[in-house]
Structure formats: structure tokens, C-alpha cells
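In: I need the structure of the sequence given here:
(2 chains)
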Amino acid sequence: MNALKQYIDLYDENRALIDQQSPALLNTLRASAREQLETARLPRKGSEDYEATDLEAVFAHDYGVNINRLPFDADPGETFHCDVPNMSTCLYYSSNDAFHSSATAERNIGQVVVAPFSMAAVDYPELMSAHYGRLARMSDPTVALNSLLVQDGLLIYVPDGVVAERPIQLVNIFNAALDIMVQRRLLIVVGKNASIKILACDHSQSADYHYLNNQVIEIVAMQGSTLDFYDMEESTPKTSRVSSIYVDQHEGSNVLIDGITLTNGFTRNNYNVEVNGEHAQTQLLGMTIASGEQHVDSHTFISHNAPRCNSNEMFKYVLNDQAVGAFAGKILVKPDCPRVEAYQGNRNLCGSPTAKMYTKPQLEIYTDDVMCSHGSAVGQLDEEAVFYMRTRGIGLDEARRLLMQAFVADVIDGVRLDVLKDRLHYLVEKRFAGTLSSCAGCLACK
Amino acid sequence: MLIIKDLQASIEDKQILKGVNLTVKPGEVHAIMGPNGSGKSTLSAVLTGNPAYTVTGGSVEFYGKDLLAMPPEDRAHEGLFLSFQYPVEIPGVSMVNFMRTALNEKRKYFGQEPLSAADFLKLMREKRSIVQLDNKLASRAVNEGFSGGEKKRNEIFQMAMLEPRLSILDETDSGLDIDALRIVASGVNTLKSKDNATIVITHYQRLLDYIKPDFVHVLYKGRIVMSAGPELALELEEKGYDWIKEQVDSQQ
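Out: Next up, the predicted model:
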């Protein structure tokens, strides 16, 4: 069996149509993607880097693909029922894999450019052709599949020296009344000494349909730039997500990426960070709260290709019921990169005997004079602390909830966006109390 | 308020309590003394419902209710409090959050509305002063990075907040310098009333100079082998436990 075949066939049958509807730039990668997929197979559970995760099974489902770019429903901003009082973010919506027109109307806020590829290809042709597809690796069949079928995407571009005052919030919503796979694609370019904070939230409006988001995000952080990218998933048990983030960091850039999974079905997050300039700083954070049958697999790779950089990585998982978590983290320090500081941590709490955690920390160092460490731990709730709390009148469930919340508190405190930090503490509290509604994560819904 | 009858308990198949009998009435202060390993801390653990211990016999009645049938949190709601010998550090849970949750759980148990934030903070301020607990400590994580003295003061602070009917102080004097001991003891004395009672578990007479007991019991080999007035503590301080051990061992 080869789950990719149905999508390759679909492409072969609709090649002309896809090309015709897409910006020309997107068509330039299709041939190589098609070639890659000719021999590629999606990894099965147990294969290298997929010890706990079966991608073949995820893609094997019969998903619809919106080749014809039919519009769905009305304005997602309407159907999503978010009133927008005192918004401190600039809000954009994508519905399935289309960026809604109202979101694109006001596409330049200050000097920050937020534009769908269809417009960006016209307005910023050089920028787009310089960076689109440059970082993403086609050797990953999911990336090749995205490149093969993608018809639009979103460019967030912060020109040199621009410091964005307001964060950008991108709300991605699945709202199709059928099983559907989408190819979300994001290109983020932060110019020299520019700065921006971005929050992406993934939601599924219906719990009835199977959705698959096969997304690719390319991030370029130029010299001296600062980027915070918060990537939060709050979806449904029938939603799957395969996300690949590629980052290119130049000299003195400061990038924070924070992947948060509060609710989902199946998720595989790949993070590939190339630290290419001296004095660059990288923070890679992850927080997963999973229960029921949730499956969350994070795969991280930070490559230090330049001296005097530092990276700090911390992923925390809280797993209950039959949830499965996986973390693989690799830090590479290439030759001739002295004074690199790289720390990696993965701490996991299994709150039930049937929850499973797979973890694989890795360091590969080819330079002397570096400071690196990695650590990984899987544990249960501290029974002494639980008893201590119970003697104060805090019931067993409440004590467990407080301890689980405490466990992830430091990861939330690493968030450099105050509204989001407060919101996350609140959401996590609700998540552990089991009262998180599907739309609670949207900052707009205060 | 508390009637312990023939209480027997074990941990990992090792019998520790072999038939403890003790009755405590409102307004009383009882001191339980005894050599190491006699079962003093086990008694407090069993009374508060520590799941590591198994009750193998006997009964405990607390205000007419079967204490042993209640989960630890309900025992707390009913008014039982333990000041831990080794208070547990809980990183990530702030004292404020911890205390507010504890208080509101108790209110819920009695069908009351949760305390308002303003009322709660006012209460915190008030009770903190009883043991001179710094505001900074109250805003930190529970016991995390507290000194030994601060931890014990924090225990008495929690006691003040929860207003128990029966408090068990398990070696509250251990690890305290004289000043901290005075603060802790005066906190306990401030909280004392004719309606509540205290069980003080200690090795030394020292604490009993500050918290005056009405009764002193000696626990040895899992049984209370001697009970008397406060003068017994002084006698023990002077003569040690050997004479009691000999007396008990020769009887067996």
C-alpha cells in the first residue's frame, strides 16, 4: 500500500488546472516534488525518526482535496463567532487552505506585509522567488506532497528595520462539511533588525469530519531580527496535522518558536532550525497536554553552523488516559563553531498507567569549547505532594490538576507575549479542568 | 472530639501501631513523646489518611464520625490538620493559589460560595502576621526554597488559614532555632481556643516550655505506655526513656 498514490494520481489528472489556478512561482516546484514522490514512501511506525508514529496510516484515509478552489461557507470571521473587542493583535483568518478575502483587504499594517501568495507573487516577486521553497526539504515526502498540491499560501514580511507594534494572529480554521486535506503554506521573512510576534492558532469547527493539515512553514530571520512564533493547536480528535517548520537564522537574530498542543487528534510537528550566523539566539519551546487518544509527536533538529550562538530547547508533555507523546531532539554543533551554548530538555508527566511517552534526546558535537547539555525524564505525579495537598483539603482531582498545571507553568512563562501568556495560563487551567471549549483559544474570544 | 481505640497500622507489612488508645477533648493540649521509631509520626500519618499506611485494626472517631472512612481531604474539611515534620515543596504552585484552592474546597464541602479575591487576600495578610511570614514567601511556590524555619512557620500559617478543630504538630520544633521556635509556638498559642485541641509530637521538652501541654503521653513500640500531666515531660527530659523502656519490656 502507498497512501501517497491517491494524491499523486489526483495531481496527474488535474495538473493543468492546479497550475492554472496558482501563482506561477508555486508551479516551479511541482516537477521536483512529483519526482521525489515517484519513489517516496511515507514512514511507517517504527522506522527511523518515526518510532511511535505511523504517517502512512494518517494519509491513507480518503481525504478530499479542494483542487477546484471552491469557496467554503461564509466569512470564517463570522461563522467562528468571535467578537473582537479591544484586540491587541492584527487578526487574519484562513479557512481550510484559503485566506479569506476580508483578511487580505487590509494587507499592509504599518509596514508589515501580510499577503496571500497570489498577491505577494505580484507585489514582491523577488522576495518570493528568493525564499519560497528554499528551506523546505523535498526529501520529506510530506513536504514534497505539500509542494505538489499547494495552490496558495501566506507571506508575512517585515521589511528591514521595521518593528511591528502589534502581534499578528493567524487563525486557521477547518470548516468543511466533508473529510478534507489541506496544504497550508506560510513564508515568514523578518528583515534586518526587524521584529515581530506571530501567533498562529489551528482550530477545527466540526468534530464530525476528518481533517488533515499537511503544512510547511519557512522562516527567514535576517541579521539582528527578532521573531516570536507561537503555534497553537486546539483541534478535535478527528483532526490530524503534519507540520514542518524550517528556520534560517542569520547573525544576531533572536528566534523563539513555541509549539502548543492543547487538543488534537494526531499531530506530528517537525522543527528544523539552521543557525547560520554568529551570536544568534534560538528558543525552541513545546508544550503538549494530551488525554483520550491524542497523539503528539515532536521532532526537532537544531544545527549550529556558526560560532558563538546559543540555543535553548524545552519540551514538556502531560499525558493522561491513553495519550501517546513522542519527542526526538537533535542538536548538531558543526566543526569550527566554538563557544556555542546549546541546552535541550524534555520532561514528561504520565498521569495514567496507559499513557505512553517516547523520548530520544541527541547531541552531536564536532567542536571543542562548547557548552551543551541534554536531559530527558518521564515521571508520574509526586505522591507526597498530592498527599500534602489533600491534608489541606484539596481533593485528589484538584491536587492532580494543580500539579499538572504547575508542571507546564515554566514553559508558559517562557512566552514573550503577555496577553498570550495570561491567556495560556487560563486555557491550560480550563484544559486540565476539562472545560476547554473548542474556540476558547482564540484571543479574540475574550 | 477525638477517640482513638486500639488503633493498629502497618507499612509494607511491618506493624508499627499495635493498639493505640487516646481521647482528646476540645481545649486540650496533648503531647506525645517517645524514643525514635516508636510510631509517633505513623500515628499522625494514619490519622490524616496517608495512603502509604494500612490500618489493620481499631477505630478513630472524630466528632462522632468515622475518621478512617474519610479521604484525607474530608478529614481536613472536618477540621483535622497536620503540621508536617518535613513540609513538601511543590514547585510551580504558588502559596496563594494553594491556599485559595484549599479554602474554597472547604467552603464547597460546606456548601458555601468561594471567597472573593479581596476577602481572601485580606485573610492571607491577617494570618500571615501571626507567624510573621514575609509577603514574598506567600507569593512564592509552596515551600520551594524555604529555609527550615520558614517551612515550619508556613505550616502554622496554613493552620491559621484553615482554622482546624484539631491540629497535630509533628516535630514542629525540629530544625528550628530559638527565635523561630518562639514565633511558631506563639503562633500556635494565639490560635488556641477552648473549642480546638492540639496534639504535639516531640522528642524534647523544649517545645513544651512554650506550648504547655495538659497531658503527656509516651508512645513506645506502637502503644501509649504512660500518660500523665506536664510533669512527665520534665521527668523524661531529666531521665531519658530507658526507665520506661525497661519497665515496659519487663512487663512483656
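
In: next one: phi and psi at residue A:248?
Out: Main-chain torsions, residue A:248, degrees, to the nearest 10: phi -120, psi 110.

In: find the nearest non-adjacent residue to it, please.
Out: The shortest distance from residue A:248 to any residue other than its chain neighbours is 4.9 Å, reached at residue A:220 (CB to CB, 6 or more residues apart in numbering or on different chains). C-beta: built from backbone N, CA, C; applies to glycine.

In: just checking, next helix/strand downstream of the host helix or strand of the one you found?
Out: Assigned by DSSP states H and E, residue A:220 falls within strand A:211-221. Next along the chain after strand A:211-221, taking DSSP H and E as the criterion, comes strand A:226-234.

In: on that earlier part again, quick one: mean pLDDT for the strand holding residue A:220?
Out: Averaging pLDDT along strand A:211-221 yields 97.

In: from the contact counts, what lies against that strand?
Out: helix A:55-60, helix A:141-149, strand A:168-174, strand A:180-182, strand A:185-190, strand A:226-234, strand A:239-249, strand A:254-263 (3 or more CB pairs under 8 Å, 6 or more residues apart in numbering or on different chains; DSSP states H and E).

In: secondary structure element for residue B:121?
Out: Applying DSSP H and E as the criterion places residue B:121 in helix B:117-130.

In: gap between the two ends of stretch A:59-70?
Out: When the termini of stretch A:59-70 are compared using CA to CA, to the nearest Å, they are 22 Å apart.

In: which outside residues touch that stretch?
Out: Contacts with stretch A:59-70, where a contact means CB atoms under 8 Å, 6 or more residues apart in numbering or on different chains, come from A:1, A:3-4, A:6-7, A:10, A:14, A:17-18, A:21, A:42, A:72, A:96-98, A:145, A:149, A:151, A:176, A:178-182, A:210, A:212, A:214.

In: counting contacts, what elements does the helix holding residue B:121 pack onto?
Out: Using 3+ CB pairs under 8 Å, 6+ apart, helix B:117-130 is in contact with helix B:95-109, helix B:135-139, helix B:148-162, helix B:178-191.

In: residue ranges of the helices in the chain, please?
Out: Unless you meant another one, I'm taking chain A. In chain A, the helices defined using DSSP state H lie at A:4-21, A:24-27, A:30-39, A:55-60, A:76-79, A:101-105, A:117-123, A:125-131, A:141-149, A:383-391, A:396-413, A:418-433.

In: chain B is the one I meant
Out: Using DSSP H, the helices of chain B run over B:40-48, B:72-77, B:95-109, B:117-130, B:135-139, B:148-162, B:178-191, B:206-210, B:231-239, B:242-251.

In: please convert the helices and strands packed on helix B:117-130 to a markdown table, extending it with mean pLDDT.
Out: A markdown table is the format used below for the helices and strands packed on helix B:117-130 (pLDDT from 0 to 100):
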| stretch | mean pLDDT |
| --- | --- |
| helix B:95-109 | 95 |
| helix B:135-139 | 78 |
| helix B:148-162 | 93 |
| helix B:178-191 | 89 |
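
In: ok, which of those comes nearest chain A?
Out: Of all the helices and strands packed on helix B:117-130, helix B:95-109 sits nearest to chain A, with 4.2 Å by CB to the nearest CB.

In: pretty sure the residue nearest to residue A:248 contacts residue A:191?
Out: No. Using CB atoms under 8 Å, residue A:220 is not in contact with residue A:191; the gap is 9.0 Å.

In: burial count for residue B:108?
Out: 15 (other CB atoms under 10 Å in any protein chain shown).

In: may I have the strand holding residue A:220 as CSV, with CA atoms only?
Out: Presented in CSV, the C-alpha positions along strand A:211-221 are these (Å, rounded to 0.1, in the frame of the first residue of the first chain):
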residue,chain,number,x,y,z
TYR,A,211,-9.3,16.9,8.6
LEU,A,212,-5.7,16.7,7.7
ASN,A,213,-3.4,19.7,7.7
ASN,A,214,-0.2,19.0,5.8
GLN,A,215,1.6,22.2,6.3
VAL,A,216,5.0,23.7,5.6
ILE,A,217,6.3,26.9,7.2
GLU,A,218,9.5,28.6,6.1
ILE,A,219,11.0,31.2,8.3
VAL,A,220,13.9,33.5,7.4
ALA,A,221,15.3,35.7,10.3
